[in-house]
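Colleague: Could you look at this predicted model? Sequence included:
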Amino acid sequence: MKQNDKILCILDERQKRDTQHLNKALNEFRQSYQQPETRREFDLSNPQALKKEMPARLADSDPRCTVSGLQKFMGEDLHSENRWKFQKEQTREWLLQQHKEWMNALADKKFADDLHDKHRLELDQRAMNLQRIDEETQRAICVTTKEFNKAQAAESEQKRKLEKQQELEDNIAEISNLLKGDLLSENPQQAVSSFGSGRVITDRWKGMSQEQLKEIRDIQMQQVLEKLRLEEEERQRNAEWDRQRVQAARAELLYERHQQRQNRELRRTLDNLNMQLSQEQKSRNSYLDEEVYANFPSGQYYTQFNTTSR
């Protein structure tokens, strides 16, 4: 990828340089051989035409005099032969000048093409040299890497053989020590810990004796009996709590019933009192309507007011 990028950069640079040379040559050709003054139509758009223009009339034989000016008539062109010769010579000079310019342009183009081809060949040769150097470098790197890998593989193989031999010797020594040691011989003293008689070394301990197992079973039986006793006490305590809770619920129910009876009696008494008060109010209203407010005023009573100026 680096080589391809390098070649692409070289080709891109070469294309840019060729474009610059071609544009430069084109601009030089235009400045040298395509000036506005060399065109045949330049007189039509010459900004200095009025300053360079000849006067309207120089003499009676002025060829610019028109027929409408009555200064020159048909048949009076005395310099027509010289004028034709001058025009032919001028045309020939123009043709020769154009041919020369065309030849010079071809020569410049050929020189530019030759220069471009030469420069392109130099860039191609440089790219080929860089590619060859890169290939030689890659081959040298591959050879060096291959030799280094071979040396590493040989070293790894030798190291593996030594490790395997050492592991085999260690296994043989370990098997021999196990066969001759206290582990397989089941010596109970090997499991005694140096921190106390009640502690053992777990990786050397071969199990408990019958006395130890009997002592553990006795302790477990005592724990079972103690647990049964505690469960019985807990059951009796729960039963007592249930009995007290039932009695409390019964007492609360009796109290609620007594309260409801008292509320009913109080409600009945209040209803009787309200009925008695209602009857008394009806009797009083009847007395007021029949005895106290029996004399109602007539219309004559109301007409006696506002009858005088006073």
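Modeller: Alright, I've got the coordinates. All of these numbers come straight from a predicted model, not from anything done at the bench. Numbers count the residues shown, from 1 in each chain.
Colleague: from here on, contacts and neighbour counts on C-alpha atoms
Modeller: Will do.
Colleague: what about the chain, any weak spots by pLDDT?
Modeller: Along the chain, the model assigns pLDDT under 70 to residues 55-63, 66-79, 181-198, 200-207, 309-310.
Colleague: just the helices in it please.
Modeller: 2-33, 49-52, 80-180, 182-185, 210-287, 299-303 (DSSP state H).
Colleague: I'd like these written out as CSV, with mean neighbour count and distance to Arg199 added.
Modeller: What follows is these, written out as CSV (neighbours: other Cα atoms under 10 Å; distance: least, Cα to Cα, whole Å):
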stretch, mean neighbour count, distance to Arg199
helix 2-33, 13, 73
helix 49-52, 9, 129
helix 80-180, 13, 23
helix 182-185, 14, 18
helix 210-287, 12, 13
helix 299-303, 8, 127
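Colleague: Distance to Asp43 for those helices - can I get that in CSV?
Modeller: Formatted as CSV, these follow (distance: least, Cα to Cα, whole Å):
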stretch, distance to Asp43
helix 2-33, 18
helix 49-52, 7
helix 80-180, 16
helix 182-185, 126
helix 210-287, 134
helix 299-303, 134
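Colleague: for the ones you listed, which one sits closest to Arg40?
Modeller: Distance to Arg40, taken as Cα to Cα, is lowest for helix 80-180 among those, at 9.9 Å.
Colleague: What is the distance between the closest one and the centre of its chain?
Modeller: Mean C-alpha position of helix 80-180 versus that of the full chain (Cα atoms, centre = their mean, to the nearest Å) differs by 40 Å.
Colleague: which helices and strands sit right next to that helix?
Modeller: Using 3 or more Cα pairs under 8 Å, 6 or more residues apart in numbering; DSSP states H and E, the elements in contact with helix 80-180 are helix 2-33.
Colleague: who does the helix it packs on touch, helix- and strand-wise?
Modeller: helix 80-180.
Colleague: So for Glu41, which of the helices of the chain sits nearest?
Modeller: Across the helices of the chain, closest to Glu41 is helix 49-52 (Cα to Cα), at 12.1 Å.
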